[in-house]
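1. structure for this input, please:
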Amino acid sequence: MRKVKKLIVIFLVSNFFSFQAQSIVRIAHFKDNKRAAISYTFDDGYVEQYTMAAPELEKYGFRGTFWVNGTTHMKNEPQITDTTRATWTQLKEMAERGHEISNHGWSHKNLNRLNREEIIDEIRKNDSIILEKNRYKTDHFLLRVQCQK
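-> Numbers count the residues shown, from 1 in each chain. Prediction:
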C-alpha cells in the first residue's frame, strides 16, 4: 500500500511540473489584492434566484453570477407563461444591483452534439438577447456538456 501511495505522489508531482511547463496559465488578480475569491453561481435563471438567493447574498455584501438561457426566458414574452423562471425585468433588476447575468446558451443544448457553427450561434443569440434586455454585454459563457457513461 505504501508503495502505491508513493507511486501516485511521484506521478502527480511529475505531471504537475510537466503540465506547468507546457501550458500558459493566467493568474487572476482579485479585488483589493485578496489572496482568493469565491464565485457564487446559479444555473438556469429560476425565479427563486431572484426572490431568495440574490437578496440573501446582498444581505452579506455578496453578488452572484446567474446563468440564463434565452429561449427559456423568451417564453415569458410578452405574457408570462413560465412562472418558474425569473423575468427579464427581474434579471435586469438583479444586474442593476450588481449581480452578473450571463450566458448559458440560447437553448440549453448539449454542445457535444453540435458543430462549430451551431455552438457559435447558441452563444451569439444568447449574448444578443442579454444585451437587448439588460443593456450590457456579458463576457462569460457556461458550457453545458454531458459526459458519456
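
2. three-state assignment of residue 66?
-> Counting by DSSP: H, G, I helix; E, B strand; the rest coil, the backbone at residue 66 sits in strand.

3. ok, now which ones touch it?
-> 41-42, 45, 49, 54, 86, 91, 94, 99-102 (C-beta atoms under 8 Å, 6 or more residues apart in numbering). Heads up, the C-betas are built off the backbone N, CA and C, glycines and all.

4. now, those that are in helices?
-> Among those, the members falling in helices (DSSP state H) are 54, 91, 94.

5. look at residue 127 and report its pLDDT.
-> In the predicted model, residue 127 carries a pLDDT score of 85.

6. next, count neighbours for it.
-> 18 (other C-beta atoms under 10 Å).

7. still on that earlier bit, for the ones in helices among the contacts of residue 66, which one is nearest residue 135?
-> Of all the ones in helices among the contacts of residue 66, residue 91 has the smallest distance to residue 135: 11.3 Å, by C-beta to C-beta.

8. identify the residue nearest the closest one in space, chain neighbours excluded?
-> residue 101 (5.0 Å; C-beta to C-beta, 6 or more residues apart in numbering).

9. residues in a beta bridge with the closest residue to residue 49 other than its chain neighbours, which ones?
-> Using C-beta to C-beta, 6+ apart and skipping residues adjacent in sequence, the residue nearest residue 49 is residue 42, 4.7 Å away. Per DSSP bridges, the residues bridged to residue 42 are residue 66.

10. any idea how far apart the tips of stretch 58-69 sit?
-> 23 Å (C-alpha to C-alpha, to the nearest Å).

11. got any ranges where this structure has weak pLDDT?
-> Scanning the chain for pLDDT under 70 picks out 1-28, 73-81, 139-149.
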